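Trainee: Here's a sequence, model it:
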Amino acid sequence: MTLPRSSCAARTVLKGAGQFFAIALYLAGVAGIVHYSVASHNVASESSLIELSQLILLAATVFTFRRVAKLSKPLHHAAGLMSAFFLVLMIRELDATLDIVMHGFWKFPALVVTGLAIWPTLRHWRETMTSLAHAVHARSSTVLMIALALLLVYSRLFGMGELWEQAMGEMYVRDVKNIAEESTELVAYSLVWLSALGYLVEAKKRSFVAKVQPCPTTIESDISA
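Mentor: All right, here's what the predicted structure looks like:
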């Protein structure tokens, strides 16, 4: 049975299937990163492919939310806060590298970024709350919330040493725990970037519609003329 090409339902289903396969390939690539890191016996080090991939995804997320802040006026404040938040997470991931300067040095640039993000929020708190409401109402907010819960809650509980010590007993291997925790974080960061891309697509669509729509004052002047 062939569906008519003009059917909106058929196009919607095919579009959904395409999105599924695209996301599946994306996550398969994430799994490939984990497989490569395990095969190379390089999971826990700061130079592992998993750690580098996390940093790349965080950098891409920061850049993407900055673009959203520039393109979308309703999301400007919210996207700016989200960009700063993930920049702080990126600095935290670089803690081992920044320890070269001084132990715990990552806290200083993290505090600077936090202060620069909070100051305009306090000055324009009404606009910020409205912008955050727009962000929560957006379609990508659900993916972002799931990703943050996976990153900040599930990965921490799933990566607890006590859990893996009980699971493996005397055969406990710390690298196994690290693989479980770091791979979960990588999936979370992957979903975070997907949500950021969703916000960017929505912001570009709104920006395009705003440019295409004619100016009301121009129409009124033409009619009156």
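Trainee: Check the offset of the longest helix along the chain from the chain's centre.
Mentor: The helix that spans the most residues within the chain, counting by DSSP state H, is helix 174-212. Distance of helix 174-212 from the chain centroid (CA atoms, centre = their mean, to the nearest Å) equals 3 Å.
Trainee: mean confidence for it?
Mentor: Mean per-residue pLDDT for helix 174-212: 87.
Trainee: Buried residues, it. List them.
Mentor: Going by neighbour count (16 or more other CB atoms under 10 Å), the buried part of helix 174-212 is 177-200, 202-203. Heads up, the C-betas are built off the backbone N, CA and C, glycines and all.
Trainee: Mind checking which residue lies nearest the centre of this structure?
Mentor: Val192 (2.2 Å; CA atoms, centre = their mean).
Trainee: quick one: it from Ala117, how far?
Mentor: Distance of Val192 to Ala117, computed by CB to CB, to the nearest Å: 17 Å.
Trainee: which residues touch the residue nearest to the centre of the chain?
Mentor: By CB atoms under 8 Å, 6 or more residues apart in numbering, Val192 lies in contact with Leu57, Thr61, Phe86, Leu144, Ala147, Leu148, Leu151.
Trainee: Let's see that with 6 Å instead.
Mentor: Val192 makes contact with Thr61, Ala147, according to CB atoms under 6 Å, 6 or more residues apart in numbering.
Trainee: again, but for the one 4 residues further on
Mentor: Ala196 makes contacts with Thr61, Thr64, Phe65, as judged by CB under 6 Å, 6+ apart.
Trainee: again with Leu71
Mentor: Applying CB under 6 Å, 6+ apart to Leu71 gives the contacts Ala203, Ser207.
Trainee: begin at 8 from here
Mentor: Got it, the first residue is 8 from now on, which makes the last one we talked about Leu78.
Trainee: if I look at it, how far off is Ser147?
Mentor: Between Leu78 and Ser147 the computed distance is 14 Å (CB to CB).
Trainee: just to revisit the earlier point, name the nearest of the contacts of Ala203 relative to Ala117.
Mentor: Thr68 (16.1 Å; CB to CB).
Trainee: pLDDT (mean, whole number) over the helix or strand hosting that closest one?
Mentor: Here Thr68, judged by DSSP states H and E, is contained in helix 56-78. Helix 56-78 shows a mean pLDDT of 95.
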